[in-house]
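1. Have a look at this prediction, sequence included:
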Amino acid sequence: MKSPRRLLIIEDDPIIVDVLKLRLETSGFECISAESGEAGLKSFYSYQPDLVLVDVGLPGIDGFEVIDRLRDLSDVPVIFITARGTESDKVRGLRAGGDDYIVKPFGGDELIARIEAQLRRSAGCSNCDPTSKYEDGEIQIDLDAHEVSVRGAIVNLTAYEYRMLTVLLRHPKQVLSQEQILDLVWGSDAMEAALSSVRLYIGYLRSKIERNPKIPRLIKTVRGFGYKYDPPSQAPVDD
């Protein structure tokens, strides 16, 4: 059975939040809410939602700035839900990185349809036939043979380096915290490892796959959040 898709609602009106949660959870979604832009960014980082619903008029940083910051972390779908319905607001929201813009009041069925449409688009090739190979123009991996090539040349990776690379590749352009990487790479041994191990192995991996490890273009550091793999073009990685 598939896990429910997770939605983050960034909205400061508790009545609207309650209405949205009731409608969305009845439709099978899992929801979490935040009442300010700053809280929304923290929740995004910890919750890793599949889609974000955000109001424009928020206390602290507004919805436009929230999306601007989110786009440094992820390309997750974002839908504005706001009473500000002027053409200039809509244009600003879409140019800021929003995927859709819905003006209040709106119908529950319309909202669900728009959410489902964005989730289908973001799924990309997740429903394609599984493949045992990965290639993005810089990195090529034979997942069956555990063989990694970088720009056509085979490179030898340790077990942890290989696991770290595939973990990052399976989450392209998504920021993973050091704690998440520690858990995904070290698994049951994560309790015995330390966060310094993540930084150490990120350095090892960069030295083997980056053109210039001092100016990494593939494995990027997002200061204060973690690391992300920024491929020249995306390709699916099978489990």
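-> Yep, that arrived.
2. Pairing partners for the one helix or strand Cys31 maps to, with directions?
-> When elements are defined using DSSP states H and E, Cys31 is found to belong to strand 30-34. For strand 30-34, the pairing partners within the sheet under DSSP bridges are strand 6-10 (parallel).
3. Show me what counts as buried in the partner strand.
-> With burial defined by 16 or more other CB atoms under 10 Å, the residues of strand 6-10 counted as buried are 7-10. From N, CA and C alone the C-beta is placed, and that goes for glycine too.
4. average pLDDT for that strand?
-> Strand 6-10 shows a mean pLDDT of 95 in the predicted model.
5. For that strand, which outside residues touch it?
-> Outside strand 6-10, the residues that touch it by CB atoms under 8 Å, 6 or more residues apart in numbering are 17, 20-21, 24, 29-34, 36-37, 39-40, 43-44, 47-55, 58, 63, 66, 115.
6. ok, the buried residues of strand 6-10 vs Ile219, which is closest?
-> Looking at the buried residues of strand 6-10 and their distance to Ile219, the nearest is Leu8, at 25.7 Å (CB to CB).
7. For the closest one, give its distance to Phe64.
-> Distance check for Leu8 against Phe64: by CB to CB, to the nearest Å, it reads 17 Å.
8. Kindly report the same for Ser197.
-> Between Ser197 and Phe64 the distance, using CB to CB, works out to 38 Å.
9. same check, this time on Gly224
-> Between Gly224 and Phe64 the distance, using CB to CB, works out to 21 Å.
10. how long is stretch 164-183 from one end to the other?
-> Counting by CA to CA, to the nearest Å, you get 11 Å between the two ends of stretch 164-183.
11. same deal with stretch 48-62?
-> Terminal residues of stretch 48-62 are spaced 20 Å apart (CA to CA).
12. Give me the mean pLDDT for it.
-> 92.
13. next one: stretch 221-231
-> Per-residue pLDDT values over stretch 221-231 give a mean of 90.
14. I'd like the distance from that stretch to the chain centre, please.
-> Centre-to-centre, stretch 221-231 and its host chain are 11 Å apart (CA atoms, centre = their mean, to the nearest Å).
15. Now it: buried residues?
-> For stretch 221-231, the neighbour count (16+ other CB under 10 Å) marks 225-229, 231 as buried.
16. How about stretch 59-76?
-> Of all the residues in stretch 59-76, those buried under the rule 16+ other CB under 10 Å are 62-64, 66-67, 70, 73-74, 76.
17. ditto for stretch 33-48
-> Using 16+ other CB under 10 Å, the residues of stretch 33-48 that count as buried are 33-41, 43-45, 47-48.
18. how long is stretch 121-139 from one end to the other?
-> Between the opening and closing residues of stretch 121-139 we find a distance of 25 Å, counting by CA to CA.
19. So for that stretch, mean pLDDT?
-> Mean pLDDT, taken over the full extent of stretch 121-139, equals 64.
20. And the contacts of the strand holding Cys31?
-> In contact with strand 30-34 (CB under 8 Å, 6+ apart) are residues 3-11, 17, 20-21, 24-25, 40, 42-43, 47, 49.
21. Give me the nearest residue to Pro231, chain neighbours excluded.
-> When the adjacent residues along the chain are set aside, Pro231 lies closest to Asp136, with 4.1 Å between them (CB to CB, 6 or more residues apart in numbering).
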